[in-house]
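*Asks:* Next input, structure requested:
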Amino acid sequence: MGTRSPPSTSYLVQCAQQLRRGLAVPRSCASNSRCSRQIRPVSAERIGSTWARGLVLNRSIRIVQSDIQLGLQRKELAMENVGSEGRGSRRRLAEIALQEAASGRAGNKAMAGPEIERYLSVLREALNRNAGTTEFSNTAVGFPWCCAFVYYCCLRAGFRFPAKPVETYRFTLAAGPAWLNWAQSEGTFHSAKSSSAEVGDVVLLNRVYDGNPLDHTGIVVAVQSDHLLCAEGNNGNRCGVFRREYSDVEGYVRLPEIA
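*Replies:* From the prediction side, this is the model:
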């Protein structure tokens, strides 16, 4: 795929402003498969003339890499440790998820590696404890990491809850069913059959990763009438923003905001 023309400065700022207000991205981008690129929340001050690597998504949820001139200043997002950047705001959660998704970080063949260790690390201790092992202390050991991506973003956004919030349940939050079980016990689960998505929701998806129920998760960053845009980890073993059909959604975990 060839190089795309850069989106205009005003367009990028419009996307950022709408996302920060919790609104959907402009339909011209979200609904047009030729323009359905990743979107970073940016400010006018950060618009520059440098190059950044972006990802292009299409309706079949395949990842196609493309170099696109976004006209953004490079920003280092690496963190030595997960630090809180707020008091638990779903709007902030969506912004952080977009930043992480825009990085395009990828795992190695073992679903591990330095690029994604920031995500894996937030669940390693819980996995060790749950399995009665020390295996997951080895950073060369990987695991499916879509839930780790979501949990990491939640922690950065200021939400604080344990990696195994229901001690009597067999799974940690490294597994989609644990998110459903916990949210149902807390009254924070909203079924897709009876509820509409909101920006900043944790979305639970069915049969999009390995063909099983609750096999994938992400964070809603835009809501359209016929689909969602979600920031995800471990889609093709890398981060990105992807279109999701409502027919694939089990429901939403709506984290209570912290005043």
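*Asks:* Leaving out sequence neighbours, find the closest residue to residue 112.
*Replies:* Excluding its sequence neighbours, the residue lying closest to residue 112 (CB to CB, 6 or more residues apart in numbering) is residue 142, at 3.1 Å. Using the backbone N, CA and C atoms, a C-beta is placed for each residue, glycine as well.
*Asks:* Actually, residue 140.
*Replies:* residue 112 (5.8 Å).
*Asks:* Burial check on the residue lying closest to residue 259 once chain neighbours are set aside, number of neighbours?
*Replies:* The shortest distance from residue 259 to any non-neighbouring residue, by CB to CB, 6+ apart, is to residue 87 (7.1 Å). Look at residue 87: counted by other CB atoms under 10 Å, it has 13 neighbours.
*Asks:* repeat for residue 181
*Replies:* 20.
*Asks:* Surely the residue nearest to residue 112 is in a strand?
*Replies:* No: counting by DSSP: H, G, I helix; E, B strand; the rest coil, residue 142 falls outside a strand, being coil.
*Asks:* so how far is residue 226 from it?
*Replies:* Residue 142 is 35 Å from residue 226, where distance means CB to CB, to the nearest Å.
*Asks:* and if you look at residue 104?
*Replies:* From residue 104 to residue 226 the distance is 26 Å (CB to CB).
*Asks:* Tell me which of the two has more neighbours.
*Replies:* Remark: of residue 104 and residue 226, residue 104 carries more neighbours, 17 against 9, as counted by other CB under 10 Å.
*Asks:* tell me which element that one falls in.
*Replies:* Here residue 104, judged by DSSP states H and E, is contained in no helix and no strand.
*Asks:* can I assume it is in contact with residue 239?
*Replies:* Yes: contact criterion CB atoms under 8 Å: residue 104 and residue 239 qualify, at 5.8 Å.
*Asks:* circling back: show me the contacts for the residue nearest to residue 259.
*Replies:* Contact partners of residue 87, counting by CB atoms under 8 Å, 6 or more residues apart in numbering, are 158, 257-259.
*Asks:* just residue 166 next, same as before
*Replies:* Going by CB under 8 Å, 6+ apart, the list of residues near residue 166 reads 178, 181-182, 185.
*Asks:* Kindly confirm my reading that residue 244 forms part of a helix.
*Replies:* No: assessed with three-state DSSP, residue 244 is strand; it does not lie in a helix.
*Asks:* by contact count, what packs against the longest helix seen in the chain?
*Replies:* Identified as the longest helix of the chain according to DSSP state H is helix 117-131. Packing partners of helix 117-131 (3 or more CB pairs under 8 Å, 6 or more residues apart in numbering; DSSP states H and E): helix 146-156.
*Asks:* okay, the angle between the helix it packs on and helix 117-131?
*Replies:* 110 degrees (axes from the mean of the first three to the mean of the last three CA atoms, to 10 degrees).
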